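Student: mind folding the following:
(chains A, B and C)
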Amino acid sequence: MSSFSCLGEGCCFESPAGYAARATAVSTSSGRLGNVALCVVSLRCVTRARDSASRPSLELRHIPSHLEESIILRSRSLITSLVVLGLTAVAVTGCAESSTSSVTATRVKGGTIEYGHQQEPACVFGGWIEQAYLSYQVIDNLVSLDKDHKVVPWLAEKWTPSDDQLSWTFTLKKGVTFTDGTPVDAAAVAYNFDHWAKGGNSTAQVWLHGYYKSAEAVDANTVKVTLQKPYPRFADNLTQSYFGIQSEHALKTRSEEQNCEAPIGSGAFTVGKWNRGQDIILKRNPNYTSPPANAKHTGAAYADTIDWKFVADPTTRVATLRSGETDAIYDVPAIEWKTLKNEGFQELKYVTPGRPQQISFNTAEGPFTDERVRQAFAYSLDRKKIVETIGRGVIPYEGNGGVSQTTPGYSETAADHYDYDAKKAQALLDAAGWTKGSDGVRAKDGKRLEVVLPYGAGSIINADGAAIFQGIQEQAKAVGFAVKLVPVPPSAFFAGAYSKQTERDLAVGYWTAVNGGILDINWRPSTADDPNFNNAAFLDDPALESSIVEANSTRDISAQNALYAKAQNYIAEHALSIGVYDRLSTLAVSPKLKGVWQETAQGGPVFYDAYLVK
Amino acid sequence: MTLTSSNDSLLTSAPQHTGSLTAARARLVGRKILSAAIVLWGSATVAFAAQAALPGDRATVILNTRAGQAIERTPTELAQINSQYGLQDPVVQQYFHYIGGLFRGDLGVSYQQFRPVTSIIGEQLAPTLILTLTTIIFAWIFMIVWVTLTAGRSRLVSGFGEFVDTVTAGLPHYWLGIILLLVFALGLGWFPVIGGSSIRGLWLPALTLAIPLAGFMGQATRTEFENSLGQLFVLSARMRGMGDLAVRLRHVLRHSVLPAVTLSGWALGATISGAVIVESVFTRAGIGRTLTTAVNTQDLPVVTGIVVLIAALYVVANLVVDVIYVLIDPRLRTSA
Amino acid sequence: MTSLRPSVLPRVRSHPLVAAGPGLWTSIAVLAFFAIAAFAPGALASHGPTALDLDHSLQGPSFSHWFGTDESGRDLYSRIIYGTRESLAIGVGATAVSISIALLLGSIAGLAGRFVAGTVNRIIEVLFSFPTLLLALLLVAVLGPSMITQIVAVGVGTAPGYARIIRGQILSAKNSGYVEAAVALGHSRWRIVRAHLVPNAVRPLVAIIALSIGQSIVWASSLAFIGLGVAPPSSEWGALLDAGRTYVTQAGWLIIVPGLVIVALALAATTLGKHIQNVLEKGEK
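Tutor: Model (predicted):
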């Protein structure tokens, strides 16, 4: 190949076409090493441009100023050639993509959407977000959440709470059937409620806990759900895929294995074949009649098949999109965000509502029982700068430790409570009696200010997250905290290592939810009869809990939001938890695929309206 | 025989018992089978014991993994799981239950996938075997070509040959894999980025594993090769007018590859360990990732099942190595 | 019959690379550099290993940052220097663990009576068939990710291979002429083992040991890949290699430089090891 013939000086910008090609190759932006690859890339792009003379000409794109400097190749060392080897590739395909992107699109009938997802769950339906994304394609819910976070019809046409808020009546669409042929009727829906509450979906179970009482079929199309306490946002919660309605017949008669691998819903797609370790083939349900009200069309899905691939490695995932092996990928690495956009890919980004990625303080044991120490920790960090640097401007900074910015009732006040202020942090620690030792770490009564921050490595916290927490560790060190980061391997993490109050001082983690009700899950005090192990701060604070509980049962939305905001402000003031960054759901979509959107309950991709173009 | 799996090599010691050849063979085969059974049982036991020693409550892990949360669980939640999988029984009882199942060919049911372990492994076995065998073949080709071309040449060529051996042997798999992927799959488009189960998709994963293995085997072969070059039989072959390449291929190589044969048996296990990276980078199905996931989720039946399977493969591979040994060097057949 | 016994061990005689030429001196210089880096990193580093510089993240190699900076602006060169101690500790430590276990098991398998040797052989085989990866995964789950865990995991994982090699060496030495001579001379069993068998079995291992140091670091980087590396903010080389992988297409130096450093160490150690072995074997003759 001609790729390596370009190792001479100034060969990059000889031809006019090289100019265009150079612009598409902004991926290797900084540093001399990067430029080496650029040079090689340009030549290939020129060749390609000539080859495709019949195609519309390459688009001229914005060229970052730092690329304008002349690119001269001096070194032919081993490093250079390795860099060339390693870096050429990516940008090369960049030009290929851009040369096709400006062709007018005509819709392809049917076809297979190749989608590159990240993690492979054990079952299609379950309590994990990766399962929710998958089961959304296969299983319909009673209700759906639209763009403006309004609850709209799906399997249920309408729903009304009783005056005392203790019972909810759902009226179902008529004539909808599960893909095993059985009807989506009131009995099946009622059965699903009991199924979730018994642990059929662990996350649904947590939400229903303390509120759900019973569900019964009033007639064939009417379900009455009875609650123990009023919960005006009950319908909102039912929009998450954990509350997908499955065939009662399938749940009762099929094996656990079958219901795990290919659950029966009434969705736009059915599970075809699961090639473990590679992909799941989802087949169009030709008889689909029940799209949510916020979908863009009715009837069956456009595409015949979705090939839902599990491409675990982020670099590989991006490569599959560039090589055209996938039409869309999930979880775009922050570092690739800009370059993919420049190469003509459509990018979708959704900040999931619920608990953001945050740090909770252990308020029951250790140094953080002292509020001043908690506040000092918060003041010692320039969280915004760390997140924006490592997140490359893609991952949003989140100051609020209670809920993320897309959650109803979000409080700006709580988010802005702590700005970086090292002096204040020092003063607070001095006041609390922690004095600086010779090694820079503070101590009190002979005890060093060492705090343990465990995190689920490779499960809850990804590489960007790990880098961010290292930044936090370094900044907290400046005022005298010795933060011990403990990456907990998944096997130990899910075994509950570091889940006890004696084991850790700080806890990190997120939880997607559609409303402020998540505050109750995360802050409800744990009691002997009714333990709440999701209370990561080990906090028992009646003042906080009463405003959350009151909010949960307040019917007026603005009054409810005010109460949720009050709870968030309380969390911020007392530094019970501080936010770090928002959990993002991102997609990059090829110009060949149109009509993909992200559902707003959890940010999963929706392929029902998606179609391929020629 | 010093390098095969055991002292009683299948083919080498048979001729010693001149009296009753068949009886001796039968005894030997019996010993081999017994030895294989012991290795299988030992592996299963070690795997079971190691996992029983893992910290934390298994029922908690099962529930937490299903929910993607890491929290404590209530006794009622745990009781249900414990009774379903018999986790409340004493460990010894669980062990005997497991070994009993093993004898009947029943490896149990996965805690996470709700499927029999045999079908989980069955799906992943073929991709792993194909990858491993291709890797070993590639590694052999590279190694033979490279060593034959460069060993025992001028100081510069030999030095360079050895330099390449050492460098390639020290290449981290991820490093090599991602560079091959970016250059040959994404950049040049010769291979698909997603390896999958296609033949074209097999090249890069196999190369990623084969290149360091070739370097490693090359290091062992090269020294033997250079020693052999100075031997009398080589000299006499040359005096008979044999060309250099012919001498190298027909005489020297045969005397130098035995260490590499042994290493190939070892490579089987190593490839499975390296496979986890290759499987992730090239999006392949296979035992490596299945094993990692299973350990992470403490899916004991799957982990133990895979260990038993790998042990079985290992036993078979070593038998094959025994046979190849004798085929390559017939003199070993008579050496005591 | 020893000449017919194949050996997996490099038996280097007058190899160009091991003759004390520029290769050897370069290797010694590289190893000396790493030794200084391990014991006095401050003398070589230009920055602190964890010092953030958020305004200069992902900078390519330049005069102020020889190997560039990472995602939070930390100087890669300094991180490599400060990571040397842990990397060498893993390389050397794992090799030591591995060779010690191998010597013990290998000698018993080679020297003990039929029953004991048979039992030990089965143990070696069980260990051998047990994937190193799994062993590492299980150990990390029990002990938590740390340098010690990596040393133990990699050391125990690679021991059975060496055990088999040592057993082979001992068996071949046992049947060799000089042992028979020693027996004929009436030397005690223990003396024969100590003076002939073990030295003969270990001498050819020098090159393998040297090779194994580099291999162990590569193994450690594989563990980092599956999220089981040393706890952050350590800059152990395997961890650096892993941390850089997200950036391979945009900031290639973050993965290329640590990879080259690992290869450089492996190369230097192997070259020196082969030379030492060569000298030892010449001394023997």
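Student: give the contact list for the residue in the stretch 151-285 of chain C that chain A sits nearest to.
Tutor: Of all residues in the stretch 151-285 of chain C, C:Gly227 sits closest to chain A, at 3.2 Å by Cβ to the nearest Cβ. To be clear about C-beta, it is placed using only N, CA and C from the backbone, and glycine gets the same treatment. Applying Cβ atoms under 8 Å, 6 or more residues apart in numbering or on different chains, we find C:Gly227 in contact with A:Ala457, A:Gly458, A:Pro487, A:Pro489, A:Pro490.
Student: and for A:Val138?
Tutor: The contact partners of A:Val138, taken as Cβ under 8 Å, 6+ apart, are A:Val124, A:Phe125, A:Gly244, A:Pro263, A:Gly265, A:Gly267, A:Phe269, A:Thr270, A:Val271, A:Leu282.
Student: can you name the two of those residues that are farthest apart?
Tutor: A:Gly244 and A:Leu282 (14.4 Å; Cβ to Cβ).
Student: that older thread, farthest-apart pair in the contacts of C:Gly227, please.
Tutor: Longest span within the contacts of C:Gly227, Cβ to Cβ: A:Pro487 and A:Pro490, 10.3 Å.
Student: so which of the contacts of A:Val138 comes closest to chain C?
Tutor: Looking across the contacts of A:Val138 and measuring by Cβ to the nearest Cβ, the closest to chain C is A:Val124, at 25.0 Å.
Student: point out where chain B drops to low pLDDT.
Tutor: Of all residues in chain B, those with pLDDT under 70 make up the ranges B:1-21, B:68-69, B:265-266, B:269-270, B:329-336.
Student: same question for the stretch 351-500 of chain A.
Tutor: A:458-459.
Student: if we use 90, what do you get?
Tutor: Applying pLDDT under 90 to the stretch 351-500 of chain A flags the ranges A:437-438, A:456-466, A:487-500.
Student: get me the contact residues on the stretch 151-300 of chain B for chain A.
Tutor: Within the stretch 151-300 of chain B, the residues that sit near chain A (Cβ under 8 Å from any Cβ of the partner chain) are B:178-179, B:181-183, B:185-189, B:192-194, B:196-197, B:279-286, B:289-290, B:293, B:295-298.
Student: put the buried members of those residues into a ChimeraX selection.
Tutor: Applying 16 or more other Cβ atoms under 10 Å in any protein chain shown to these, the buried members can be selected in ChimeraX as follows:
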select /B:178,179,181,182,183,185,186,187,192,193,194,196,279,280,281,282,283,284,285,286,289,290,293,295,296,297,298
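Student: out of the residues of the stretch 151-300 of chain B next to chain A, which are inside helices?
Tutor: In this view, these that belong to helices under DSSP state H are B:Ile178, B:Ile179, B:Glu279, B:Ser280, B:Val281, B:Phe282, B:Arg289, B:Thr290, B:Thr293, B:Val295, B:Asn296.
Student: so is A:Asn561 in a helix, a strand, or just coil?
Tutor: helix (DSSP: H, G, I helix; E, B strand; the rest coil).
Student: distance of it from A:Ser411?
Tutor: Applying Cβ to Cβ, to the nearest Å, the value for A:Asn561 to A:Ser411 is 9 Å.
Student: who has more neighbours out of these two?
Tutor: A:Ser411 (26 against 19; other Cβ atoms under 10 Å in any protein chain shown).
Student: quick check, that one in contact with A:Tyr570.
Tutor: No: using Cβ atoms under 8 Å, A:Ser411 is not in contact with A:Tyr570, being 9.8 Å away.
Student: neighbours around B:Gly159, how many?
Tutor: Number of residues near B:Gly159 (other Cβ under 10 Å) recorded here: 20.
Student: okay, and it sits in which element?
Tutor: helix B:155-169 (DSSP states H and E).
Student: what's the neighbour count on B:Leu229?
Tutor: B:Leu229, neighbours per other Cβ under 10 Å, totals 18.
Student: list just the nearest of the ones in helices among the residues of the stretch 151-300 of chain B next to chain A to A:Val108.
Tutor: For those, the nearest to A:Val108 is B:Phe282 (28.2 Å; Cβ to Cβ).
Student: find the nearest non-adjacent residue to the closest one, please.
Tutor: B:Gly195 (3.6 Å; Cβ to Cβ, 6 or more residues apart in numbering or on different chains).
Student: contact partners for the one you found?
Tutor: By Cβ under 8 Å, 6+ apart, the contact list for B:Gly195 reads B:Gly201, B:Leu202, B:Leu204, B:Pro205, B:Phe282, B:Thr283, B:Arg284.
Student: how close does the most far-flung residue of chain B relative to its centre get to C:Asp55?
Tutor: The C-alpha centroid of chain B is most remote from B:Thr76, which lies 43.2 Å away (Cα atoms, centre = their mean). Applying Cβ to Cβ, the value for B:Thr76 to C:Asp55 is 54 Å.
Student: where does pLDDT dip in the stretch 51-200 of chain C?
Tutor: Applying pLDDT under 90 to the stretch 51-200 of chain C flags the ranges C:99, C:102-147, C:149-150, C:153-154, C:156-200.
Student: before we move on, back to that, who's more crowded, A:Pro487 and A:Pro490?
Tutor: Comparing A:Pro487 with A:Pro490 by other Cβ under 10 Å, the one with more neighbours is A:Pro490, at 27 against 23.
Student: for that one, which non-adjacent residue is spatially closest?
Tutor: A:Pro490 sits nearest to B:Asn296 (Cβ to Cβ, 6+ apart), 3.7 Å away.
Student: okay but the one you found is in contact with A:Pro489, surely?
Tutor: Yes: contact status for B:Asn296 versus A:Pro489: in contact at 7.0 Å, counting by Cβ under 8 Å.
Student: quick check, pLDDT for the one residue in the stretch 501-614 of chain A that gets nearest to chain C.
Tutor: Nearest to chain C, among the residues of the stretch 501-614 of chain A, is A:Glu503, at 11.7 Å (Cβ to the nearest Cβ). A:Glu503 is assigned a pLDDT of 92 by the prediction.
Student: over to it: give its phi and psi.
Tutor: Dihedral angles of A:Glu503 (phi, psi; degrees, to the nearest 10) stand at phi -100, psi -20.
Student: so who does the most centrally placed residue in chain C touch?
Tutor: Among the residues of chain C, the one closest to the centroid is C:Ile213, at 1.5 Å (Cα atoms, centre = their mean). By Cβ under 8 Å, 6+ apart, C:Ile213 lies in contact with C:Leu88, C:Gly91, C:Val92, C:Thr95, C:Leu265, C:Ala266, C:Ala269.
Student: could you pull out the helices for chain B?
Tutor: Under DSSP H, chain B gives helices at B:21-52, B:58-67, B:75-85, B:91-103, B:117-150, B:155-169, B:173-180, B:203-229, B:232-239, B:244-247, B:253-256, B:258-282, B:287-296, B:300-328.
Student: now do the fourth one: distance to the chain's middle.
Tutor: This means helix B:91-103. With Cα atoms, centre = their mean, to the nearest Å as the basis, helix B:91-103 stands 27 Å off its chain's centre.
Student: secondary structure class for A:Thr339?
Tutor: helix.
Student: number of nearby residues for A:Asp439?
Tutor: With other Cβ under 10 Å as criterion, A:Asp439 counts 10.
Student: the one 5 residues further on too?
Tutor: Residues lying near A:Lys444 (other Cβ under 10 Å) number 15.
Student: state the number of residues packed around A:Tyr462.
Tutor: Heads up, residue A:462 is Asn, not Tyr. 17.
Student: and if you look at A:Tyr133?
Tutor: When neighbours are defined as other Cβ under 10 Å, A:Tyr133 has 23 of them.
Student: please name the nearest non-neighbouring residue to the residue in chain A that chain B sits nearest to.
Tutor: In chain A, the residue that lies nearest chain B is A:Ala495 (2.4 Å; Cβ to the nearest Cβ). In this structure, A:Ala495 finds its nearest non-sequential neighbour in B:Gly56, 2.4 Å apart by Cβ to Cβ, 6+ apart.
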